[in-house]
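K.L.:
When you get a sec, could you give me coordinates for this:
(chains A and B, ligands or ions: 2)
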Amino acid sequence: MEKKYLGQRVIRNEDPRILTGRGKYMADITYHNMLHAAFLRSDYPHAKLNSVDISAALEIPGVIAIYTAEDLGDYWHPGPVLVPAPHSIPGITANSRTQIPIVKDIIHHQGEVLAMVVAENRYIAEDALASIYVDSDPLDAVENVEAALKPGSPLVHEELGTNIATYVRQERGNFAECKTKADHVIHQKFIMDRGSAGAMENRGFCANWDEDAQQLTIHCNTQSPSGLRNSMAAWFGIPEQRVRVVVPFVGGGFGPKVMTNQPEEVLCTFASIKLHRPVKWLEDRAENFIGTTAERVQVHDCEIAFNKDGKVLGVRDSFLYDTGAFNPYTATIPLNTQTHTTGMYDIPVFLTEFTSVFTNKMICSPVRGAGRTYGVFVMERMLDMVARKLNVDPAKVREINLIAAEAKFPLETGIIAQDFAQFVLDSGNYPAVLKKAREMIGYEDFKKNQQPKFRAEGRYVGIGLVLFTENTGVGPYEGTKITVGNSGKVFASSIYGTQGQGHFTVFAQIVADQIGCKVEDVIIETGDTDKFAWGTGTFASRGATVLGNAYHHTATLVRAKILATASRLFNVPESELELGDGMVKVADMPDKFIKLGDLATKANPMRGTIKPGTEPGLEATGFYAPPYGATAYGAAAAIMEIDPLSFNIKFHKFIFVDDCGTVINPMILDGQLHGGIQMGVGNAYFEKLVYDENAQLLNGSLMDYLIPRATDMPTKMEIGHLNTPSPLNPLGIKGVGESGTIPIPPLYCQAIEDAFNLPDLFITEVPLSPSIVYSLVEEAKAKK
Amino acid sequence: MSDLIDIKVNVNGQLYERSVEPRMLLSDFIRFELGLGGTHVGCEHGVCGTCTILFDGKPQRSCITFAVLADGHTIETVESLGTPEKMSTLQQAFQEKHGAQCGFCTPGILMTMTAFLKENPHPSEEEIREGIDGNLCRCTGYQNIIEAVKLAAENMDSKS
Ligand code: FES
Ligand code: FES
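P.N.:
Ligands and ions are numbered 1, 2, ... in the order given. So this is what the prediction gives:
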């Protein structure tokens, strides 16, 4: 099979619609008799709800209905656990609490829904919110994860008797013993906070219950159409086959849109079933900050044991994780942290344990990076501590500790990952990535020749270089159906959600290569559960790997049908047939060919017969399931200058090296990295959800929560690639969607420290900001 | 509800006469009254720039403008730039350079840059970066957007 498109820089099939404003997003979904929902949300993070008085609001013309908890009847119950606890790990504690659609008695976080208004338009619905009277008594709130575990702390869920949600301990080797053998042991606390996913499009949901047809149609910008269909079917007792979820174009996902059983989903569906009219809700930005999900703080207590030659013998990482008021996603984030801590380093002993803690804050769920960032942050920071202690160059310390190029992959790590399988490094050449990063950034030249000059001029210019892994493409599976149509166009559908990753193009490239047609003749349909019913969802950088291989596999099945059908038609063996240019040709016989569309018509005749034992049409369904995730890896390096007055950062150079195996489309790949890096820049220097001691969010707008702008970014992100194909899947792909984000915070820390060159400046907490770095530098100078 | 106000607005070369509530946002007017869905809203508080349209030729945030203020004025939205079959030079450059991913911020950026290039047909990279600094994009890291605007400026040059 020729690789005409795979690996090529193909421009995107979806762009003409997107770029001209013709692409339909959630806000564009409309029905003539549609109603609009708005939600009254709690201002208090923790409170006893006494009553909700809706009488005045109901009087407003245009208000159709207002619902509170009592109205839901049997539909009022907590949602399901979306991701279970990893029960295969011995000694685990797992307390799960999932959110309810609408508060009945206790408010657990700011932003929880207290009432739903349904009105003729959104203006009226929002007016009505202001006329609802809520009587509630605030309770002491749990804000800080460390304080939450102290005796006497208020409890988020009183009946649990503790704020501990999950505890998991995993150990490779014996850390206590390893410590006694090491030349040095350093103990350090680290804190990393992560924030909002900040997709430019907020959430949206529209439910249309057709009473006559007993059919529920949902439009939603979900990352998991199948999960949403299944959850609404279960909640309302409707067969899955009578629930259709359709996902229009989606304005970015980055994690939170994977959540299902959300209050707004349940309530809009409930209202549509009650009122027999379509009910739509569009989230606004303020709601997105308090009523969706985000990632949040982890507090790490770490030890690293190493010898005087720089070789690390073992690492201990005990951390607390703020899971928010409920934990439907259980432990995906902290498990990802555990699996990504020692990463590509050869560290024989590793003890990792976490306690995830309930607080009175919005629910935590994965955001691009999804827990990996924290593990990479503490490991990279610890290696920098080793470098300082031994007075060795940081890049050298990394070199000393890397898993060797000659290592026998696959390498088992002994640590259970988010997919409950053991984390296995499937392939890679780690020294090569470090070497390439050093070359691209000009590491030695900067240290030797440039930096001394900058220092002599009194300028603060520093270099950083960090490494990371990204476990991607986890199971369980994805599937597709591909049909060659009578027009010759190829229709290829899956249930997968798509949020701008170029799926309409990259999957078309894979399919076109097998079918022998033009990439623009492959129509990729995503996220319509009536077009394809099976699949899981968009998360864990798994699209290219899992769905890409499913498309590849299914396309080979269709190819086989094309060849078999044409072979019968021309009465020549399949080996003499060629596929290309949208037709099947008989080799060396220029006048013997048939267009794919005509062949499709012949494969599905309206009269006569098809060969008994065969199937009509040129169509196949296929699946791909990986044994475990494929692990991408890479490096980020930067030379940055800090302005001593503003503490703004200017990049002299920024490079990123990535190995995600086989590349489908280098243009889209680099775009994925650019966007990931941007979120990493936010995590490092700009983005923090700030809560006061009562768990009240203080910066719930884009004015105060800073998403990196164009001038905050490196002027040029130079991207380098290694290509070590994954042996786990036929195409050799590893995912890349989150890679860019993962290594940026420790990169900033290392480079900033290098710029100021102060013995007492060692950064242990991110995100930073200009004012934080200013304070740290002043403190470090004062100590000198 | 409050009394309706009659307005006449020229949108993309066509005159619309409508009666609207004084509090109706221009973004909602464009999207829901006129059915032009290309103008997106990302924040509804004037920060992200996704809702940017041209108001008498100047970029303006339609989410913090009342529709009644557009009475007697000229509005251009992304729908005026090109069609899927015949995209504008700027739109083509966005496709060529992969300047859009999810495409949600894109209409606002295209409108901002359409006005920008008119004012400054030979921008430096630095000027382009400053020019899109008021538009948030969460997907692209901006690099390819800047590349696209550069290419569009070159292509417009060679066409003129
Ligand atoms: S939607 Fe108007 S600026 Fe964000
Ligand atoms: S392309 Fe998605 S926000 Fe800009």
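
K.L.:
which residues does residue 12 contact?
P.N.:
Defaulting to chain A. By Cβ atoms under 8 Å, 6 or more residues apart in numbering or on different chains, residue A:12 lies in contact with A:502, A:504-505, A:668, B:95, B:98. (Glycine included, C-beta is placed from N, CA and C.)

K.L.:
Wait, chain B was what I had in mind.
P.N.:
Residues near residue B:12 by Cβ under 8 Å, 6+ apart: B:36, B:75-77, B:79-80.

K.L.:
Outline the domain layout of the chain.
P.N.:
If you meant another chain, say so; for now it's chain A. What automatic domain parsing lists as the domains of chain A is A:15-22+A:475-624, A:31-139+A:201-251+A:256-291, A:371-474+A:628-783.

K.L.:
look at chain B instead
P.N.:
Following automatic domain parsing, one gets these domains for chain B: B:5-80, B:89-159.

K.L.:
Of these, which is nearest ligand 2?
P.N.:
domain B:89-159 (3.2 Å; Cβ to the nearest ligand atom).

K.L.:
How far does the closest one sit from its chain's centre?
P.N.:
Put simply, domain B:89-159 sits 12 Å off its chain's centre (Cα atoms, centre = their mean, to the nearest Å).

K.L.:
same check, this time on stretch A:123-134
P.N.:
34 Å.

K.L.:
any idea of the mean pLDDT in the strand or helix carrying residue A:510?
P.N.:
Assigned by DSSP states H and E, residue A:510 falls within helix A:503-515. Averaged across helix A:503-515, the pLDDT comes to 95.

K.L.:
Is chain B within reach of it?
P.N.:
No - for helix A:503-515, no contact with chain B is found by Cβ under 8 Å from any Cβ of the partner chain; the gap never falls below 9.9 Å.

K.L.:
residues near residue A:580, how many?
P.N.:
By the criterion of other Cβ atoms under 10 Å in any protein chain shown, residue A:580 has 13 neighbours.

K.L.:
Quick check, pLDDT for it.
P.N.:
At residue A:580, the model reports a pLDDT of 93.

K.L.:
How about the contacts made by the closest residue to it other than its chain neighbours?
P.N.:
Excluding the flanking residues, the one nearest residue A:580 by Cβ to Cβ, 6 or more residues apart in numbering or on different chains is residue A:516, at 4.5 Å. Contact partners of residue A:516, counting by Cβ under 8 Å, 6+ apart, are A:559, A:578-584, A:596.

K.L.:
Could you provide the residues you listed in TSV, with additional columns for secondary structure?
P.N.:
Listed next are those as TSV, based on DSSP: H, G, I helix; E, B strand; the rest coil:
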residue	secondary structure
A:559	helix
A:578	strand
A:579	strand
A:580	strand
A:581	coil
A:582	coil
A:583	strand
A:584	strand
A:596	helix
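
K.L.:
Which positions within stretch B:59-79 qualify as buried?
P.N.:
Buried positions in stretch B:59-79, judged by neighbour count with 16 or more other Cβ atoms under 10 Å in any protein chain shown: B:59-63, B:65-68, B:70, B:73, B:75-79.

K.L.:
oh, I was asking about stretch A:471-488
P.N.:
Neighbour-count burial for stretch A:471-488, with 16+ other Cβ under 10 Å as criterion, is recorded at A:471-475, A:478-486, A:488.
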